[in-house]
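Chemist: below: sequence and its predicted model.
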Amino acid sequence: MNIDDLPEDLEETVRTMSKRLSQGDGHMSTQYEALKNDLQFTTAGNQWGDSSGFGGARQSNRPNLVSNQTLTICNRVVNAVRKNPFGINVSTDNQDVTELIQSKVRQIEYESRASESYENAFECAVIGGIGYYYITTEYLSDEDLDQKVSIKTIIDPTSVLLDPYGEEVDGSDVNWGFIRNYIDRESACEEHGDEVIRGTISGFNIYENYDVPPDSVAQLIYYYKESKMKMRYWLQDGSFTDKKPEFEELIVGKRKISYDKVYCCEFIGNKFISKTEVGSKFIPIIPVYGDRLRTYGEKIYWGGMTRRVKDSQRMVNYYKSNEAETVALIPKSPYIAEYSQIEKYREIWENANTEPYAVLPYDGKDINGSPLPPPQRAANVANTGGIVQSRIQAQQDMALESGVFINQLGGQETAGQSGKAILLRDGQGEITNAQYLDNYKKSINQAGRVVLSMIKTTSDTMRREAFRSEDGEVQYQTVNLSELIGSVNDLDVTVSAGPAYENARKEAISTINELISGNPQLSGIISDLMIKNMDAPGSKEIAKRLYKALPPEFKDEEETNAPDPEAIQALQAQEATIQELESTLQKVTENAQQVIGELRNEIISSDRDNQTKILTTKLQEESDLAQAELKAQVELAKAGLQEEAKNFRELESIKAKAVDKMATLAGDVIKNKTESVEVDFADMSNPATPGGDIDLQSS
């Protein structure tokens, strides 16, 4: 776009941008200069400097040693984060939605190599006091219009300018920010035209503000926030709307709220490239602070570990160099000899400290012919004890200033100390430098908020998304993430475990080991907890399997009360057996009732009163006995059948015996009929009724 074609609002934006650049440069220039010195001091080892005096340049003919212990101390803090990376965690009131959103955020972090961005910013904060990374959107591919969220690294923290009036440590309240990069000049001119190195933008010339390296073009990314006020109305049903309702009686309250939008303007050299809406109410430049102090004025001062230990580090270098210089002078110690002994060999002895002669000749007798002892050097033991002690004291000063002690850097432990005591001492360093980790966590929390808001903007239609599980497996689903995120309540962002968790994990292992040593019987009960805390491949899976093998009383109540699949199958089998037994009882009862009915008809036509009464009574007793036995078996099954097959066979045997007895009795009655017998069956109970009795009355 030609500068003459810029819209009016963009010209106003450029004027505001120019003003803010000057404001940011004025606020940050001094601090950024100190930051550059700290980075050079620690990472480049430029610890002597160029000035004269203590801590400055030494004479060229003297040792200028650098024992860079500052970098080791800083790495001790930074590498703890590298070993146990932090990450964005999402929480909602819906577990399924939480896992899906978390999987998407995990995929974004993986694709962006977010851990590199986080750790680079944290390293800059630990060394120099501040570091940055930023969050943006980019196209999925050159053949796609869909965009994705990406987390980007900012290598040079001095390339960023943030609103100096922001007070929050995570940068959530800043209203503007700049990122400056440099790109190849030839490529920039080829893609965007020669305007990138000519002209101005509404009077603003980027080349007056920055020292652009040769054959390069400055790229400036400008983020700014626009806030507008609007009226929001709350209705009787608890909902709210930003549009005034037609009926006043529906309104229960109203108030003005701030509506924020963030825009991004990109400039290549002196040419405007684009203006886009970010899709978040936050400036997507995330700061990571080290030591941070706000004065009573408008400025915030910050620094890192280098600034704490810089003077002690210089002392270490000074004593180390003096120690080396003292030792180097030992071979130049003079010889003590009688003058007449070496007069003949003067040239050889004058060069004895510089030339490696195989033999040093001398005259062994004085002028009187008396023997003389051979020449001897003056005492050649370097007196470095005081220098070494001073260097050790300077190193101890560095430990106190940094909070990182020798045992945390791999030094030898004191004999007889327990593992728990060592772990507790290791934790002292974390407490001393807890502000670094706390600021780091807060910045990642803010990054999570920005990422979620950008996901709602980029994924506002049904499309195929990639989701990464905790174990690294990638799955694809077609979903509208914007609607999904908007559908949940209590959406929050937290940070996963980091180096503090590492010390807690080690202490847990040590404690469990001590418990098992004193009580070996606990091994089978708490072994899953030990394996869970071990940093080894597959430890989580092993811990889960060990946990499943624990007795129910040692498991969580929720899991203990949860249905066991095997128990459910056994219960279903028992219920099926019970139903079969009840069906068998019903059939036996029906058969008994049929036989008794047939006997009733035969008995009525029989005249043998006494014999019929006896046989009928016996039949009823046998029937009652069979029913009672069947009923007992059914009740036993309902209470919890343990040997279904065995009991079923016994039940079948009882049923067969009962039927046989009834058939035999019926045959005997028919065969031995008596004469003139009247039987009254009016009070006879239903044989199907449990516990029923048959009352036979003769007339």
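Modeler: Everything's here; your move.
Chemist: can you map out the helices along the stretch 1-150 of the chain?
Modeler: For the stretch 1-150 of the chain, the helices defined by DSSP state H, counting those that start in this stretch cover 8-43, 69-83, 95-112, 114-128.
Chemist: averaged pLDDT, the second one. What do you get?
Modeler: What helix 69-83 shows for mean pLDDT is 89.
Chemist: buried ones in that helix?
Modeler: Within helix 69-83, the residues scored as buried using 16 or more other C-beta atoms under 10 Å are 69-71, 73-78, 80-81. Heads up, the C-betas are built off the backbone N, CA and C, glycines and all.
Chemist: quick check, Arg232 in a strand?
Modeler: Yes. Remark: Arg232 belongs to a strand, assigned using DSSP: H, G, I helix; E, B strand; the rest coil.
Chemist: that one contacts Ser239, doesn't it?
Modeler: No. Applying C-beta atoms under 8 Å, one finds Arg232 not in contact with Ser239, separated by 10.9 Å.
Chemist: who has more neighbours out of these two?
Modeler: A side-by-side neighbour count of Arg232 and Ser239, using other C-beta atoms under 10 Å, places Arg232 first with 14 against 8.
Chemist: next, count neighbours for the closest residue to Pro164 other than its chain neighbours.
Modeler: Nearest non-adjacent residue to Pro164, counting by C-beta to C-beta, 6 or more residues apart in numbering: His27, 4.2 Å away. Counted with other C-beta under 10 Å, the neighbours of His27 add up to 18.
Chemist: same deal with the one 5 residues further on?
Modeler: Neighbours of Tyr32 under the rule other C-beta under 10 Å: 19.
Chemist: let me see the confidence value for it.
Modeler: pLDDT, read off for Tyr32, is 91.
Chemist: how about it, nearest residue that isn't a chain neighbour?
Modeler: Counting by C-beta to C-beta, 6+ apart, the residue nearest Tyr32 is Thr158, at 4.5 Å.
Chemist: mind checking what secondary structure that neighbour has?
Modeler: helix.
Chemist: so who does it touch?
Modeler: 32, 35-36 (C-beta atoms under 8 Å, 6 or more residues apart in numbering).
Chemist: redo the residues you listed as CSV? Include distance to Gly472.
Modeler: Putting these into CSV (distance: C-beta to C-beta, whole Å) gives the following:
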residue, distance to Gly472
Tyr32, 39
Leu35, 37
Lys36, 39
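Chemist: hmm, the residue nearest to Pro164 is touching Tyr301, no?
Modeler: No. Assessed by C-beta under 8 Å, His27 is found out of contact with Tyr301, at 10.8 Å.
Chemist: picking up where we left off before, which of the contacts of Thr158 sits closest to Asp260?
Modeler: Tyr32 (28.2 Å; C-beta to C-beta).
Chemist: elements contacting the helix or strand encompassing Ala324?
Modeler: Assigned by DSSP states H and E, Ala324 falls within helix 305-328. If contacts are counted by 3 or more C-beta pairs under 8 Å, 6 or more residues apart in numbering; DSSP states H and E, helix 305-328 sits against helix 8-43, helix 69-83, helix 114-128, helix 385-402.
Chemist: try 6 Å
Modeler: helix 8-43, helix 69-83, helix 385-402 (3 or more C-beta pairs under 6 Å, 6 or more residues apart in numbering; DSSP states H and E).
Chemist: so what does the last one touch, helix or strand wise?
Modeler: In this case it means helix 385-402. Using 3+ C-beta pairs under 6 Å, 6+ apart: helix 385-402 touches helix 305-328.
Chemist: quick one: strands adjacent to the following helix or strand past the helix it packs on?
Modeler: As assigned by DSSP H and E, the chain's next helix or strand after helix 305-328 is strand 335-336. In the sheet, strand 335-336 lines up against strand 376-377 (antiparallel) (DSSP bridges).
Chemist: what's next to the strand it pairs with, contact-wise?
Modeler: For strand 376-377, contacts defined as C-beta atoms under 6 Å, 6 or more residues apart in numbering pick out 333, 335-336.
Chemist: now that strand: average pLDDT?
Modeler: 80.
Chemist: cool, and stretch 448-465?
Modeler: If you average the pLDDT values across stretch 448-465, you get 89.
Chemist: mind listing what's buried along it?
Modeler: 448-456, 458-459, 465.
Chemist: now swap in stretch 302-317 and tell me
Modeler: 302-310, 312-317.
Chemist: one more: stretch 136-148?
Modeler: 136-137, 147-148.
Chemist: what of stretch 350-370?
Modeler: Under 16+ other C-beta under 10 Å, the buried positions of stretch 350-370 are 352, 362.
Chemist: ok, stretch 170-188 next?
Modeler: Buried residues in stretch 170-188 (16+ other C-beta under 10 Å): 170-172, 174-180, 182-183, 185, 188.
Chemist: what about it, start to end distance?
Modeler: Start and end residues of stretch 170-188 are separated by 34 Å (C-alpha to C-alpha, to the nearest Å).
Chemist: one step back: closest one to Cys124 among the helices and strands packed on helix 305-328?
Modeler: That would be, of the helices and strands packed on helix 305-328 and by C-beta to C-beta, helix 8-43, which comes in at 7.4 Å.
Chemist: and the closest one, what other elements does it pack with?
Modeler: Helix 8-43 packs on helix 114-128, helix 305-328, going by 3+ C-beta pairs under 6 Å, 6+ apart.
Chemist: go through it and flag the buried ones.
Modeler: Applying 16+ other C-beta under 10 Å to helix 8-43 flags 10, 13-14, 17-18, 20-21, 24, 27-28, 31-32, 34-35, 37-39, 41-43 as buried.
Chemist: how about stretch 84-103?
Modeler: 84-90, 92, 97-98, 100-103.
Chemist: just give me the closest of these to Gln435.
Modeler: Phe86 (15.2 Å).
Chemist: pLDDT wise, what is the closest one at?
Modeler: pLDDT, read off for Phe86, is 87.
Chemist: also Phe54?
Modeler: If you check Phe54, the pLDDT there is 51.
Chemist: again, but for Gly290
Modeler: Reported pLDDT for Gly290: 92.
Chemist: what's the neighbour count on it?
Modeler: Neighbours of Gly290 (other C-beta under 10 Å): 28.
Chemist: for Glu483, which non-adjacent residue is spatially closest?
Modeler: Closest to Glu483 by C-beta to C-beta, 6+ apart is Asp460, at 7.9 Å.
Chemist: state the helix or strand in which Asp237 lies.
Modeler: Going by DSSP H and E, Asp237 is not part of any helix or strand.
Chemist: any idea how far it lies from Ala549?
Modeler: Using C-beta to C-beta, to the nearest Å, one gets 53 Å for the distance from Asp237 to Ala549.
Chemist: could I get the average pLDDT for stretch 348-355?
Modeler: For stretch 348-355, the per-residue pLDDT averages 82.
Chemist: hey, C-alpha coordinates of that stretch in PDB?
Modeler: Listed next in PDB are the C-alpha coordinates belonging to stretch 348-355 (Å, rounded to 0.1, in the frame of the first residue of the first chain):
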ATOM      1  CA  ILE A 348      74.900 -19.800  30.900                       C
ATOM      2  CA  TRP A 349      73.800 -18.800  34.400                       C
ATOM      3  CA  GLU A 350      72.200 -15.500  33.200                       C
ATOM      4  CA  ASN A 351      69.900 -17.500  30.900                       C
ATOM      5  CA  ALA A 352      69.300 -20.300  33.300                       C
ATOM      6  CA  ASN A 353      65.700 -19.200  34.000                       C
ATOM      7  CA  THR A 354      64.800 -19.000  30.300                       C
ATOM      8  CA  GLU A 355      66.800 -21.700  28.600                       C
END
